[in-house]
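Asks: Can you look at this prediction? I've put the sequence above it.
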Amino acid sequence: MVPVSTSTLLDQRLCEGDHLIGAVAGEDPGHDHVGIALGDAPLLVGKGQGLRLLVGVVVFGHAKPAGDLPERGGDRGLQGPEPEDPGEPLVAHVPGPEGSVGVRSEDRAGGGVLAAQGVKGALEPAEEFGMSEDREHCGKVGPVPGEKGRGRGMSERGAEVTLDQVVRRFEAKHPVLRGVSLRVAPGEFLVLVGPSGCGKSTTLRMIAGLDEPDEGRVLVDGKAMAGVAPQDRDVAMVFQGYALYPHMTAREILEFPLKMRRIASAERARVVDEVASLLSIGKLLDRRPDQLSGGERQRVAMGRAMVRRPRVFLFDEPLANLDAALRSDIRLEIGSLVRRLGATALYVTHDHTEAMTLADRIAVLDQGKVLQVASPREIYERPATRFVATFVGSPRMNLLPCRREGNQLRCGPLVGPVPSPSLPDAIDVGIRPEHVQVVDDPGADGPWTARGEVLAAEPLGAETHLTVLVGEERIRARLPGFVAYQPREQVTVTLAGAPLHLFDHTTGARLG
């Protein structure tokens, strides 16, 4: 019997005719496996020792004696006793480090005997399996009308994701993550930004279960994920490289996760058609990946994640391989779809435009540490550190080293009043490019005003980016429309009235 994810069982509803399997050969001496066969395929759901196991066939959620069930290759046949009470109910999921499944035995008042892996100590009462008395819903992922169960539609809210002081080391002296703590609320869209190597993708891999932390905890809906397999986490990941099966059509790729969960073919077709309609790829379902464009491949990759109805989506730079125009279109689709599904999303990108337009909140990372988590507006208008200030925004924020001289603050040729009497002698002053004014007036004078030389002009149509050398400092300005300034031309730069961002020169922390 091959071990299969507990979610393969728990995400479906047992139906009339599903076989219950008793004890089969265990991996460890003195241990037995417990399984359930959906159709003809036995699924391993746990292991235990000295259990009184139910063996039989499901009849509307209860067991009846098995009779002569066929043996299945690789096990020892049916080993458990027949139930003393044919109407004895089954017992379902009890949380454990690797997931647990139980069957009810003599201890009926205590909630059943657990057939589990990695669970120690007293057990809480087990929940009951979601059973379907309506054959129309047998084997389906969605909820049965009027019933409470583990199955769900696409509109269920997302799960809370928590990282608690997570540390990951690939080399002892150079940890990739250094005590990362994050809390992502159900249904929230959190974007992780930072330079290459800061730990963004590693953070996603920890949540997905593709990697394990050396220290700290990852929790989904308050449940620790230590030892929980990726397929059991109710998390789906969309990769930068699409990761599509080259020999399959788009329809087969979308169906594949459902086949792994033993979903009936009619239900698979319904779910795939629904997702294809949402993603506008219905006409592409019979094509293989090499017959699709980059944007179409990314839609198929998103669809493969969506058919599972995960409560958490993880996006690892999904638009990096697309051209600029297509990135804009797919970006809008991702934001709209994730919010429509109500799922929680964590999204990794280098692109500040993606971060600002998609995020409910942005988390800025550098060298394995979280520097700031806030709304896009707060990140932009009140960056917590000098690094955050210069990383978010294009063109990036101007940073000028300044010294206090009495009541004046001198930043090279630019001089203005001290914004606060409590400032240290040495600070860095940040100014967003859109707040820099450039005028062709040699006689202009006043606070925060100086002459400079144009180094470069970059016309972009709706705006022009200008770089001006003022003293020894390069100041970037973002001006509306086309401007007539040319390199080597003398202009006047003024920061008068501009919001000034003040940072400690030594630590880089925001002042005030």
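Replies: Yep, it's here. In this text, all values refer to a predicted model and were calculated from it rather than measured experimentally.

Asks: From now on I want contacts and neighbour counts done on CA atoms only, so please keep to that.
Replies: OK.

Asks: What strand or helix carries Asp211?
Replies: Counting by DSSP states H and E, no helix or strand carries Asp211.

Asks: okay, now the closest residue to Gly481 other than its chain neighbours: neighbour count?
Replies: Nearest in space to Gly481, with sequence neighbours left out and distances taken as C-alpha to C-alpha, 6 or more residues apart in numbering, is Glu463 at 4.2 Å. Residues near Glu463, counting by other C-alpha atoms under 10 Å, number 14.

Asks: and if you look at Leu502?
Replies: For Leu502, the count of nearby residues is 25 (other C-alpha under 10 Å).

Asks: Looking at the helix or strand hosting it now, give me its mean pLDDT.
Replies: In this structure, Leu502 sits in strand 501-504 according to DSSP H and E. Averaged across strand 501-504, the pLDDT comes to 95.

Asks: That strand - contacts with which helices or strands?
Replies: strand 426-431 (3 or more C-alpha pairs under 8 Å, 6 or more residues apart in numbering; DSSP states H and E).

Asks: 10 Å - rerun?
Replies: helix 386-391, strand 398-405, strand 426-431 (3 or more C-alpha pairs under 10 Å, 6 or more residues apart in numbering; DSSP states H and E).

Asks: Can you name the element that comes right after the second one?
Replies: The element immediately downstream of strand 398-405 (helix or strand, assigned by DSSP H and E) is strand 408-411.

Asks: Likewise for the last one?
Replies: Next helix or strand after strand 426-431 toward the C-terminus (DSSP H and E): strand 437-439.

Asks: helices or strands up against that next one?
Replies: Right, strand 437-439 is packed against strand 449-459, strand 473-480, strand 490-494 by 3+ C-alpha pairs under 10 Å, 6+ apart.

Asks: Adding distance to Asp351, write those strands out as TSV.
Replies: Output for these, formatted as TSV (distance: least, C-alpha to C-alpha, whole Å):
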stretch	distance to Asp351
strand 449-459	20
strand 473-480	18
strand 490-494	29
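
Asks: Among those, which comes closest to Ala343?
Replies: Ranking those by proximity to Ala343 (C-alpha to C-alpha) places strand 473-480 first, at 37.0 Å.

Asks: Quick check: buried residues in the closest one?
Replies: Neighbour counts using 16 or more other C-alpha atoms under 10 Å place 473-479 of strand 473-480 among the buried residues.

Asks: Packing partners of whichever helix in the chain runs longest?
Replies: Ranked by residue count, the top helix of the chain under DSSP state H comes out as helix 324-341. Packing partners of helix 324-341 (3+ C-alpha pairs under 10 Å, 6+ apart): strand 189-193, helix 265-279, helix 294-306, strand 312-316, strand 344-349, helix 352-358.

Asks: that older thread, could you tell me how far the residue nearest to Gly481 is located from Leu319?
Replies: 25 Å (C-alpha to C-alpha, to the nearest Å).

Asks: before we move on, what about Arg157?
Replies: Noted for Arg157: a distance of 25 Å to Leu319, by C-alpha to C-alpha.

Asks: the more surrounded of these two?
Replies: Set Arg157 next to Leu319 and count neighbours by other C-alpha under 10 Å: Leu319 wins out with 24 against 18.

Asks: just to revisit the earlier point, distance to Arg217, mean pLDDT and mean neighbour count added to the helices and strands packed on helix 324-341, as JSON lines?
Replies: Shown next, in JSON lines, are the helices and strands packed on helix 324-341 (distance: least, C-alpha to C-alpha, whole Å; pLDDT from 0 to 100; neighbours: other C-alpha atoms under 10 Å):
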{"stretch": "strand 189-193", "distance to Arg217": "19", "mean pLDDT": "96", "mean neighbour count": "26"}
{"stretch": "helix 265-279", "distance to Arg217": "33", "mean pLDDT": "88", "mean neighbour count": "17"}
{"stretch": "helix 294-306", "distance to Arg217": "25", "mean pLDDT": "87", "mean neighbour count": "23"}
{"stretch": "strand 312-316", "distance to Arg217": "17", "mean pLDDT": "92", "mean neighbour count": "25"}
{"stretch": "strand 344-349", "distance to Arg217": "17", "mean pLDDT": "94", "mean neighbour count": "25"}
{"stretch": "helix 352-358", "distance to Arg217": "26", "mean pLDDT": "91", "mean neighbour count": "18"}
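
Asks: In the protein, where is pLDDT below threshold?
Replies: Flagging of the chain using pLDDT under 70 yields the residue ranges 1-156, 172.

Asks: Please parse it into its domains.
Replies: Per automatic domain parsing, the structural domains of the chain span 1-139, 161-381, 395-504.

Asks: Pipe the ones you listed into CSV and attach distance to Val388 per row.
Replies: Putting those into CSV (distance: least, C-alpha to C-alpha, whole Å) gives the following:
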stretch, distance to Val388
domain 1-139, 37
domain 161-381, 7
domain 395-504, 10
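
Asks: Report the beta-bridge partner residues of Ile475.
Replies: Val468 (DSSP bridges).

Asks: wouldn't it be in contact with Ala450 here?
Replies: No: taking C-alpha atoms under 10 Å as the definition, Ile475 is not a contact partner of Ala450, at 11.4 Å.

Asks: Mutual contacts of those two, please.
Replies: Val493 (C-alpha atoms under 10 Å, 6 or more residues apart in numbering).

Asks: which outside residues touch stretch 497-512?
Replies: In contact with stretch 497-512 (C-alpha under 10 Å, 6+ apart) are residues 371, 381-389, 397-403, 419-420, 422-437, 447-448.

Asks: Quick one, which of these are buried?
Replies: For the contacts of stretch 497-512, buried by 16+ other C-alpha under 10 Å: 371, 382-389, 397-400, 402-403, 423, 426-437, 448.

Asks: Give me the distance between Ala345 and Leu466.
Replies: Separation of Ala345 from Leu466 (C-alpha to C-alpha): 37 Å.

Asks: correction: Glu160
Replies: 44 Å.

Asks: Between the two, which has more neighbouring residues?
Replies: Leu466 (24 against 21).

Asks: Does that one touch Glu489 like I think?
Replies: No: assessed by C-alpha under 10 Å, Leu466 is found out of contact with Glu489, at 11.5 Å.

Asks: how about the nearest residue to Val392, chain neighbours excluded?
Replies: Of all residues not flanking Val392 in the chain, His352 sits nearest, at 5.8 Å (C-alpha to C-alpha, 6+ apart).

Asks: Compare the helices and strands packed on strand 437-439 and give me the one nearest Asp360.
Replies: Here strand 473-480 is closest among the helices and strands packed on strand 437-439 (C-alpha to C-alpha), at 26.2 Å.

Asks: the inter-axis angle of that closest one versus strand 426-431?
Replies: Orientation check (axes from the mean of the first three to the mean of the last three C-alpha atoms, to 10 degrees): strand 473-480 against strand 426-431 gives 20 degrees.
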